[in-house]
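**Q** pasting the structure only:
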């Protein structure tokens, strides 16, 4: 719990519920800020309290109208910067445009880097974010966090570990999945997949053994859930006794919830980096892990200049 003055925590409009959880964790009320939009869509921010020489944390995530959320974040950062805040940290659980992280074809933009530059030019000193889509984006930021400790704690609490196999739905997520498998001391498998086009998988081949095992798929984000549902189907055909999926960022767009309901997945477990109340009401297979206490603890440690490396390995109480 934080005490005394010198720190302010503000919330944007993208995920106020998570901001409240973080504020409760560190024992401070959310700062008074007003965000409005004019008829032509412009965003206006008013900070209703002094931030002079304060350590300011602004919480906003990349969901809903992503472009609006991003512009709102930049304006809030700028407002605090010109109000003489001592240090400004953006807490962005889901970093916007994280999937556009490399130049993979001629004349393609590296939009993740552009967004990082925008946030920096607004006056931001540090960024706290969760499970970046690609490891190279870590070079843009100071405090990239992982949901891995929360996932491991859930698995150890809910399953007999000796019956578990950790599965990556694609080769790109192999490092994440092997790290979890190694820490649990269990087997690992992955899928080789071929895409017809973005968000559409044509073929998947399982590399590894899942027969008579509880197969747990792990990934950083689930958008349409096509890959996860297809992987779950293949795992069931390969003899897995049950199939679960853990995802840090549950974007769940389009027919994702319907696909999950109709799939062989027992549960899809996501964190609350994005609002999930409406999704939970529509899908009984969806379960949410709270990562507010992790973000709250990293804010506390950052403010006091303590190491955050411990949070890469265990969940704070």
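**A** Here it is on my side, so go on. Quantities reported herein were computed from a predicted structural model and do not represent experimental measurements. Numbers count the residues shown, from 1 in each chain.
**Q** Excluding residues flanking it in the chain, which one is nearest residue 123?
**A** For residue 123, ignoring the flanking residues on the chain, the nearest one in space by CB to CB, 6 or more residues apart in numbering is residue 81 at 3.1 Å. The C-beta positions use only the backbone N, C-alpha and C, and glycine is treated the same way.
**Q** in this structure, which spans are strands?
**A** Using DSSP state E, the strands of the chain run over residues 7-11, 33-37, 43-47, 55-59, 87-92, 126-130, 143-145, 164-168, 187-197, 200-207, 214-222, 242-250, 267-271, 286-289.
**Q** Make CSV out of these and add mean neighbour count.
**A** Converted to CSV, these look like this (neighbours: other CB atoms under 10 Å):
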stretch, mean neighbour count
strand 7-11, 23
strand 33-37, 14
strand 43-47, 16
strand 55-59, 27
strand 87-92, 24
strand 126-130, 20
strand 143-145, 19
strand 164-168, 25
strand 187-197, 15
strand 200-207, 14
strand 214-222, 24
strand 242-250, 26
strand 267-271, 24
strand 286-289, 18
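**Q** Considering these, which stretch scores lowest in mean pLDDT?
**A** Lowest mean pLDDT within the strands of the chain: strand 143-145, at a mean of 59.
**Q** contacts for stretch 223-232?
**A** 167, 169-170, 191, 193, 199-201, 204, 215, 217, 219, 222, 243, 245, 247, 251-257, 259-260, 262-265, 268 (CB atoms under 8 Å, 6 or more residues apart in numbering).
**Q** hmm, back to that, just send the strands of the chain back as JSON lines, with distance to residue 22 too.
**A** JSON lines is the format used below for the strands of the chain (distance: least, CB to CB, whole Å):
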{"stretch": "strand 7-11", "distance to residue 22": "7"}
{"stretch": "strand 33-37", "distance to residue 22": "15"}
{"stretch": "strand 43-47", "distance to residue 22": "18"}
{"stretch": "strand 55-59", "distance to residue 22": "6"}
{"stretch": "strand 87-92", "distance to residue 22": "7"}
{"stretch": "strand 126-130", "distance to residue 22": "10"}
{"stretch": "strand 143-145", "distance to residue 22": "13"}
{"stretch": "strand 164-168", "distance to residue 22": "29"}
{"stretch": "strand 187-197", "distance to residue 22": "33"}
{"stretch": "strand 200-207", "distance to residue 22": "36"}
{"stretch": "strand 214-222", "distance to residue 22": "21"}
{"stretch": "strand 242-250", "distance to residue 22": "17"}
{"stretch": "strand 267-271", "distance to residue 22": "13"}
{"stretch": "strand 286-289", "distance to residue 22": "15"}
